[in-house]
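**Student:** The sequence and its predicted three-dimensional model are supplied below.
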Amino acid sequence: QVKLVESGGGLVHPGSSLTLSCTASGISLGSYTIGWFRQAPGKEREGVSCISFIDNATLYPDSGKGRFTISRDDAKNTAYLQMNSLTPEDTATYYCGVKLGALCQSVLTGRRLELWGQGTQVTVSS
């Protein structure tokens with residue numbers, strides 16, 4: 001079965017760090033560009049980071065710049081999102097999505113991605 005599964009979400013205090021994982025099955029992530037997205041209640045989905053299949057180049061929109069780090073381990077067929085200095089504004093459901101052979105600028109639009117995970121909830125609260 002072809003799928004992406006996110007994990008690692010949870011309830012954390014402001015200022016904490018959290019690392020999310022996105023594990024693929026049924027596909028080999030090595031040829032895919034991977035994006036991390038989030039959607040808070042009542043808000044539109046937004047891209048927070050992307051890592052390309054080309055040389056692992058990364059791209060961070062303002063929402064993820066400076067505090068988030070995306071990485072990938074193709075041997076484990078898994079991508080990661082390390083999030084630091086979390087604030088309540090980071091509370092959202094986080095999703096990963098992939099697109100074969102695409103540029104990050106395209107993936108971060110969230111349009112026409114070939115596969116999405118089911119999401120993992122991140123709640124930042126004191």
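**Tutor:** Looks like it came in fine.
**Student:** Measure how buried the spatially closest residue to V98 that is not a sequence neighbour is and give me the count.
**Tutor:** Leaving aside its sequence neighbours, V98 sits nearest to Y32 (C-beta to C-beta, 6 or more residues apart in numbering; 4.1 Å). (Each C-beta comes from the backbone N, C-alpha and C, glycine too.) Y32 is flanked by 26 other residues according to other C-beta atoms under 10 Å.
**Student:** residues in contact with Y32?
**Tutor:** A24, F53, V98, K99, L100, G101, A102, E114 (C-beta atoms under 8 Å, 6 or more residues apart in numbering).
**Student:** how does it look with 7 Å?
**Tutor:** Neighbouring residues of Y32 by C-beta atoms under 7 Å, 6 or more residues apart in numbering: F53, V98, K99, L100.
**Student:** do you know how far it is from I51?
**Tutor:** Note on Y32: its distance to I51, by C-beta to C-beta, to the nearest Å, is 10 Å.
**Student:** Check D90 too.
**Tutor:** D90 is 19 Å from I51, by C-beta to C-beta.
**Student:** Over to E89?
**Tutor:** For E89, the distance to I51 - C-beta to C-beta - is 23 Å.
**Student:** In terms of neighbours, single out the busier of the two.
**Tutor:** The neighbour comparison of E89 against I51 (other C-beta under 10 Å) goes to I51, with 25 against 10.
**Student:** Just confirm the more buried one contacts R72, I think it does.
**Tutor:** Yes: if you go by C-beta atoms under 7 Å, I51 and R72 touch, sitting 5.3 Å apart.
**Student:** Now list whatever residues contact both of the two.
**Tutor:** I34, A79.
**Student:** In strands, which of the contacts of Y32 fall?
**Tutor:** Taking DSSP state E as the definition of strands, these contribute V98, K99, L100.
**Student:** Model confidence at D62, what's the number?
**Tutor:** At D62, the pLDDT value in this model is 88.
**Student:** Pull the number of nearby residues for it.
**Tutor:** D62, neighbours per other C-beta under 10 Å, totals 8.
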